[in-house]
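J.: Here you go, sequence then predicted model.
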Amino acid sequence: MAIESLLLRIFYKLLEHYGPRKWWPGNTKFEVIVGAILVQSVAWENARGAVNSLKKEGLLSPQAILSATHEEIATKIISSRFYNQKTEKLKSFCSYLMANYDGSLNKMFSNTLSDLREDLLHIKGIGRETADSILLYAGNKLSFVSDAYTKRWIERYGLFDGLSTYDQIREIFMNNLPEDLYIYNEYHALIVHHSKSICKSAPRCHLCPIKRITEITCCKFSENM
DNA sequence: GGCCAGGACACCA
DNA sequence: TGGTGTCATGGC
């Protein structure tokens, strides 16, 4: 089966089973970006509390974050863990935004995908996953988010041999998926959700709704489909 | 008390 | 280049 149709069939199978994941929660682009930084290495529930705390204190703007002291920010985002590091990450991004785009996210996102991604990766505290999450979920740009879940996921199902780095995995998705924001948006969310829900209970077992497509062995789940 | 959750980075071999 | 330690909360 061609990679394009395989990836697409898996996507629709996951979507049919789990439904839309509705990522990424946030009322504004800036809120989405703050969430992307605060969610690093924690569950979304932890990050959401921190985002709401910043919002409640009127600190959910680049100007407010830069004006506030380290302690003022850190104490609001304790629930997101690693609050000292994340405070510096928030300030780093806001400094970049103010210095290069006068604080305007619309100006920032008018940049090309490749240029902006390169810039974001130079900001301290913004790695590949966070940069791609910002580009996709806040900027509505076609940048596929490939993370540790995605890597384990394709290894578990033996979908593609020889892919090991973040960018290799990202490119295989980007080169073989339709240029569709909805698909990019939901695919990553569905992979994460699928990995956490089904495979978590049986990490070595191919329990999944995609067995009939990939013809992989051992799938109690698919027996009930 | 232990484990895990939508990472990034510095350091070292 | 890859492995490891650091960061250091909250819910179950």
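T.: Arrived safely, thanks for sending. Residues are numbered from 1 along each chain as shown, chains lettered A, B, ... in the order given.
J.: For the residue positioned nearest the centre of chain A, report the pLDDT, please.
T.: For chain A, A:Ser133 is the residue whose C-alpha lies nearest the centre (C-alpha atoms, centre = their mean; 4.1 Å). Note on A:Ser133: pLDDT of 97.
J.: Distance check, it against A:Ile33.
T.: To A:Ile33, A:Ser133 is 9 Å away according to C-beta to C-beta, to the nearest Å. Any C-beta I mention is one placed from the backbone N, CA and C, and that applies to glycine too.
J.: do the same with A:Ala50
T.: On the measure of C-beta to C-beta, A:Ala50 and A:Ile33 end up 13 Å apart.
J.: again, but for A:Gly49
T.: 17 Å.
J.: Compare these two (neighbour count), which wins?
T.: Between A:Gly49 and A:Ile33, counted using other C-beta atoms under 10 Å, A:Ile33 has the larger neighbour count: 27 against 17.
J.: Is it correct that the more buried one is in contact with A:Ile134?
T.: Yes: between A:Ile33 and A:Ile134 there is a contact at 5.2 Å, judged by C-beta atoms under 8 Å.
J.: tell me, how many neighbours does the closest residue to DNA strand B within chain A end up with?
T.: Here the residue of chain A nearest DNA strand B is A:Gly127; by C-beta to the nearest atom of the strand that distance is 2.4 Å. A:Gly127: 14 surrounding residues under other C-beta under 10 Å.
J.: for it, what are its contacts?
T.: A:Leu121 (C-beta atoms under 8 Å, 6 or more residues apart in numbering).
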